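> model the structure of this input:
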Amino acid sequence: MNRNQVMINLAIIAAITAAILLGFFGLSPENSLKLKLGLDLRSGTHITLRLLEVKDPETGEVVRIDEQIRNRSIQVFTRRLNAIGTSEILIAPAGLDRIIVEIPEMTDLEKAKNLVKKAGRLEFKEKRLVDGAVEWRTRMDGRYIAKASVAKQGMGDDSWAIEFQMTSKGTRVFGDLTTELVNQPLGIFFDNAMVSEPVVREPITGGSGQISGAFTLQEANDLANILNAGALPVDVEILEAYTVSPTLGEESLHRSQIASLLGIGIVMLYMLFYYRIPGLVASVALVVYSVWVLGCMVIPGLEFVLTLPGIAGFVLSIGMAVDANVLQFERVKEELWNGRSVRAALDHGFDRAFASILDGHVTTFLGAMILFWFGASSVKGFGITLMLGTALSMVTAVWVTRQLLYFLTDFLKIDDQSMYGA
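You can find the predicted model right below:
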């Protein structure tokens, strides 16, 4: 590799590193890049849900759990939780019938459970007498609701109601239903619980209505938000729910930072002591590697959520990056012992070590990929970070380290073999 190519490669490495650092530290505070932290590093609520089959209220057919139903449920949860102003929520599938919901900075577990466990099914039912017993039959459901809002129920009353507007098709269906049920009760049910039982005095053809039931303002707001988000296509069961306090999250983050910096520092000291000039270069490459990993974690549209297992994956990938450098430096020392010049030893040593480095990184990457695909949510964080770190450690070991050593030999004329551990 000629001198001009070395300078071009070094310029590319410096530009990428500087751009990432500028994004983290050089921009204004509101525009700077920020890592998204998982619940174990901040605070919030974690809930694991299982989707349950249910009968369609209109057709009576059983709704089977498949990928489409799971994705529809995720969309409903996303709209429902965004309506309460929650930012950076994480809603992810965990198998065909399970969904992970993580709500940062919400530590009211009961409120969170109430938001996600409601199916959100609004039904209008006709009252019938069958063998002397009262039976309610569903005639219309909430799929025709276009918009719901909160309204005061009466003057001087602390109770609230929910007003709703229907779609054009819903207006026709509701008009036909209320025409049929004039002077009869129309049961309004939410998640199979009766909310009110008004008597239809005249056909309602305006496409609007009201659900009254002596709601508090908070209850009315929650119900309106759920109606606006739409009903879940199936029922849900909470399998696991817990919260992380802000104090615990802050302490976990602080300890993780200390552990990461301590680990990198010890590795750098060892490399400097044992390999001298190559060890110094490996330490610089390790800093570049760390900056690049952090930069990849904040790529727009591909943001990672950093968790404690993710930090463990990052620290482990540091070991992979150092291991690749060790393989290269040992091969370089062998070439120096065989009488080659420093520059020639670098070329032959790097070429001889490449196959071993590639094998080690590919096998580690495949293992991390399996963890990401088939692991639980916490294991996925470890897997994706290890995949990213392994890929970048390969790049920094065989490219960044090499360019830096070429710079020392070609431009700074540091070619004393004793400085390279021989």
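
> helix, strand or coil for the closest residue to Phe24 other than its chain neighbours?
Among residues not flanking Phe24 along the chain, Leu33 sits closest, at 5.2 Å (Cβ to Cβ, 6 or more residues apart in numbering). C-beta: built from backbone N, CA, C; applies to glycine. Per DSSP: H, G, I helix; E, B strand; the rest coil, the local secondary structure of Leu33 is coil.

> domain ranges for the protein, per the record?
If you go by automatic domain parsing, the domain ranges for the chain are 3-38+245-420, 44-243.

> count the neighbours of Leu388 for me.
Close neighbours of Leu388, defined as other Cβ atoms under 10 Å, add up to 21.

> look at it and report its pLDDT.
Here, the pLDDT recorded for Leu388 equals 88.

> where in this protein is pLDDT low?
Where the chain drops to pLDDT under 70, the residues are 1, 26-32, 57-59, 83-88, 154-157, 246, 300-303, 376-378, 421-422.

> which stretches in it count as helices?
Remark: helices assigned in the chain by DSSP state H are 3-21, 67-82, 109-117, 168-180, 217-229, 246-275, 277-296, 308-337, 342-374, 377-395, 401-410.

> save those helices as CSV, and put in distance to Val195 too.
Compiled in CSV, the helices of the chain are given as follows (distance: least, Cβ to Cβ, whole Å):
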stretch, distance to Val195
helix 3-21, 54
helix 67-82, 18
helix 109-117, 16
helix 168-180, 16
helix 217-229, 9
helix 246-275, 37
helix 277-296, 50
helix 308-337, 43
helix 342-374, 43
helix 377-395, 36
helix 401-410, 68
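
> so which of those helices is nearest Val130?
Nearest to Val130, of all the helices of the chain, is helix 168-180, at 18.2 Å by Cβ to Cβ.

> what residues are up against Gly319?
Going by Cβ atoms under 8 Å, 6 or more residues apart in numbering, Gly319 touches Val267.

> how about stretch 142-151: buried residues?
Neighbour-count burial for stretch 142-151, with 16 or more other Cβ atoms under 10 Å as criterion, is recorded at 142, 144-146, 148, 150.

> cool, stretch 238-257 as well?
Of the residues in stretch 238-257, 241, 243-244, 249, 252-253, 256 count as buried by neighbour count, 16+ other Cβ under 10 Å.

> looking at those, which is nearest Leu41?
Distances from Leu41 to the buried residues of stretch 238-257, taken as Cβ to Cβ, are shortest for Leu253 (4.5 Å).

> pretty sure that closest one is touching Arg42, no?
Yes - if you go by Cβ atoms under 8 Å, Leu253 and Arg42 touch, sitting 7.4 Å apart.

> do I have it right that Ser356 meets Val326?
No - applying Cβ under 8 Å as the test, Ser356 and Val326 come out as separate, 10.5 Å apart.
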